[in-house]
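Asker: Generate a structure from the sequence data that follows.
(one chain, ligands or ions: 1)
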Amino acid sequence: MRKNEITNRVGENDNETLNLLTSTQIVIHDALTKLGLNRDAFELLKEPLRVLQVRIPVRMDDGSVKVFSGFRAQHNDSVGPTIGGIRFHPKVNEDEVKALAMWMSMKCGIADLPFGGGKGGIICNPRTLSFGELERLSRGYVRAISQIVGPTKDIPAPDMYTNSQIMAWMFDEYSRLRKFDSPGFITGKPLVLGGSEGREEAGALGAAICIKEAAKIKGIPLKGARVIVQGFGNAGSYIAKFMLQSGAIIVGISDVYGALYDPDGLNIEYLLSRRDSFGTVTTLFEGTITNEELLEQECDILVPAAVSNQISAKNAQNIKARIVVEAANGPTTIEGTRILSERGILLVPDVLAGSGGVTVSYFEWVQNTQGYYWDEKEVKEKLRKKMVKAFHQIYELSKISNVNLRTAAYMVGVRKMVEASEYRGWI
Ligand code: NAD
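Answerer: Below is the predicted model of the structure:
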């Protein structure tokens, strides 16, 4: 696709309803142009190299058979095997999985991992499935994609609505198929099956490290900084905890039903103790505000950690934070990014802030491969080093190239893949 074809699509859609794949292609195109790379690189990187669609028959508890649809996308394996999560969601679709695989490639490039990006998904509502049905679906998916995955081909991991139990079933199914134990096939496993210390909170810790570095740049002491976190699930609650440990005041949090805001600070420990397993807590309180209102409240640091498309042309002018760190995937649209950047708000993009999860997945794979396991302190210190290095590399590049941090992050993200593809003679 040529640049003008892409921008025409942007114009048609007024930037705001672009699907994730199109907006990812636009940023990749901008990054490649800034790097002075030719059209072949864009042709190669604009879509995954492989996308497998599968149908998975599952025997349900009532004896009937239900056939689920699933996908596995492998964006680019020029640098090394692909890696990336599997999500179980009723709305997951092929374009989304493709875009997510491309984001994983960016994260791998940014964290300087010897991998490319992959992603998988199954269209299902895990909340309506029994434990047994979930297990049979997870095992069926592994059988369906087994030809294209493996520890030196493509390494899955947890994502939305998948967890260490599901990784354990998938690991077991793969090991049965291959007839030997193969822990390096999948990451995010329980510790006893070769999981890594620190994997569960790795994504949030990576985002928290970015918040610290961004605050230093903006001259905001974390002690006493006012922080709003949108979303109080796995990512949001860990980030709130890490910020609290740094002396920040959490003035706002939210879940899908609404938001709590108190300029004097919320009692996070109490809210954590009342939160349910879906990250819901606001329903217990009166005087809540909406998620839209929360994003526009006074604060120093805003952390969207829930869903995509939260900051757009509609509200970017009203954001009061001086720093926005995207812990969620895709919370700011292209137009929202432009407005925040023009207003001098430091926006740390998802592909950088969210690269902690895949980095510790890589650590897990390394530990599985060498059969030697690190303690939590070692994992966290290795993660901190990688995140700090990536943050400053991208920040400096954004200054030198006069682009926002998202474009700079994509420039770093694509570089190794393009070089490896050139050496291989693909472009
Ligand atoms: P989760 O399901 O544990 O929690 C999601 C939270 O967002 C819940 O509190 C839920 O009520 C809330 N929410 C759902 N829909 C919402 C809406 N429309 N408006 C406002 N709030 C809404 O999910 P999670 O694992 O915390 O992941 C959240 C996001 O963060 C996803 O984009 C995920 O990919 C990303 N993620 C980031 C990290 C990281 O730290 N960088 C780690 C894991 C996941």
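
Asker: Residue 207 is in contact with residue 356, isn't it?
Answerer: Yes. In this structure, residue 207 is within contact of residue 356 by C-beta atoms under 8 Å, at 6.7 Å. The C-beta positions use only the backbone N, C-alpha and C, and glycine is treated the same way.

Asker: Show me which positions of the longest helix anywhere in the chain end up buried.
Answerer: Using DSSP state H, we find that the single longest helix of the chain is helix 376-401. Neighbour-count burial for helix 376-401 flags 379-380, 382-384, 386-387, 390-391, 393-395, 397-398 (criterion: 16 or more other C-beta atoms under 10 Å).

Asker: would you turn those residues into CSV with distance to the ligand and pLDDT?
Answerer: Shown next, in CSV, are the buried residues of helix 376-401 (distance: C-beta to the nearest ligand atom, whole Å; pLDDT from 0 to 100):
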residue, distance to the ligand, pLDDT
379, 15, 98
380, 14, 98
382, 17, 98
383, 12, 98
384, 14, 98
386, 14, 98
387, 11, 98
390, 13, 98
391, 14, 98
393, 19, 98
394, 16, 98
395, 18, 98
397, 21, 98
398, 20, 97
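
Asker: Could you point out which of those is nearest to residue 219?
Answerer: Distance to residue 219 across the buried residues of helix 376-401 (C-beta to C-beta) is lowest for residue 395, with 14.2 Å.

Asker: for the stretch 251-400 of the chain, what spans make up the helices?
Answerer: 268-274, 291-295, 334-342, 350-353, 356-370, 376-401 (DSSP state H, counting those that start in this stretch).

Asker: Just confirm residue 407 is within a helix.
Answerer: Yes. Assessed with DSSP: H, G, I helix; E, B strand; the rest coil, residue 407 lies in a helix.

Asker: correct me, but residue 98 touches residue 72?
Answerer: No. The criterion here is C-beta under 8 Å, and residue 98 misses it with residue 72 at 10.7 Å.

Asker: who's more crowded, those two?
Answerer: Legend: neighbour count by other C-beta atoms under 10 Å for residue 98 and residue 72, higher for residue 72 (27 against 23).

Asker: quick one: secondary structure of that one?
Answerer: Following three-state DSSP, we place residue 72 in the strand state.

Asker: Look up how far the ligand lies from it.
Answerer: For residue 72, the distance to the ligand equals 18 Å [C-beta to the nearest ligand atom, to the nearest Å].

Asker: what about that residue, distance to residue 273?
Answerer: Relative to residue 273, residue 72 is positioned 39 Å away (C-beta to C-beta, to the nearest Å).

Asker: What sits closest to the residue in the stretch 201-350 of the chain that the ligand sits nearest to if chain neighbours are left out?
Answerer: Nearest to the ligand in the stretch 201-350 of the chain, going by C-beta to the nearest ligand atom, is residue 233, at a distance of 1.7 Å. Nearest residue to residue 233, sequence neighbours excluded (C-beta to C-beta, 6 or more residues apart in numbering): residue 279, at 3.2 Å.

Asker: Same question for residue 184.
Answerer: residue 151 is the one closest to residue 184 (C-beta to C-beta, 6+ apart), at 3.5 Å.

Asker: still on that earlier bit, what's the overlap in contacts for residue 98 and residue 72?
Answerer: Common neighbours of residue 98 and residue 72, counting by C-beta atoms under 8 Å, 6 or more residues apart in numbering, are 51, 119.

Asker: where does this protein dip in pLDDT?
Answerer: 1-18 (pLDDT under 70).

Asker: And the strands in it, which stretches?
Answerer: 50-59, 65-74, 82-89, 116-123, 154-158, 226-230, 249-255, 258-261, 301-304, 323-325, 346-348 (DSSP state E).

Asker: and these, which is most packed in?
Answerer: Here the criterion is mean neighbour count by mean count of other C-beta atoms under 10 Å, and of the strands of the chain the winner is strand 301-304, at a mean of 30.

Asker: I'm curious whether that one, anywhere along its length, sits up against the ligand.
Answerer: No. Strand 301-304 does not reach the ligand (C-beta under 6 Å from any ligand atom); its nearest approach is 8.4 Å.

Asker: Okay, and the beta partners of the closest residue to residue 321 other than its chain neighbours?
Answerer: Spatial nearest neighbour of residue 321, excluding adjacent residues (C-beta to C-beta, 6+ apart): residue 302 at 3.7 Å. Listed beta-bridge partners, residue 302: residue 228, residue 324 (assigned using DSSP bridges).

Asker: Run through who's touching stretch 173-185.
Answerer: By C-beta under 8 Å, 6+ apart, stretch 173-185 touches 138-139, 142-143, 146, 149-151, 155-156, 170-171, 186, 189, 193-194, 365, 368-369.

Asker: Quote the end-to-end distance of that stretch.
Answerer: Criterion C-alpha to C-alpha, to the nearest Å; first-to-last residue distance in stretch 173-185 is 11 Å.

Asker: Identify the residues contacting the residue of the stretch 51-200 of the chain found nearest the ligand.
Answerer: In the stretch 51-200 of the chain, the residue that lies nearest the ligand is residue 160 (6.0 Å; C-beta to the nearest ligand atom). Shown in contact with residue 160 (C-beta under 8 Å, 6+ apart): 85, 87, 88, 89.
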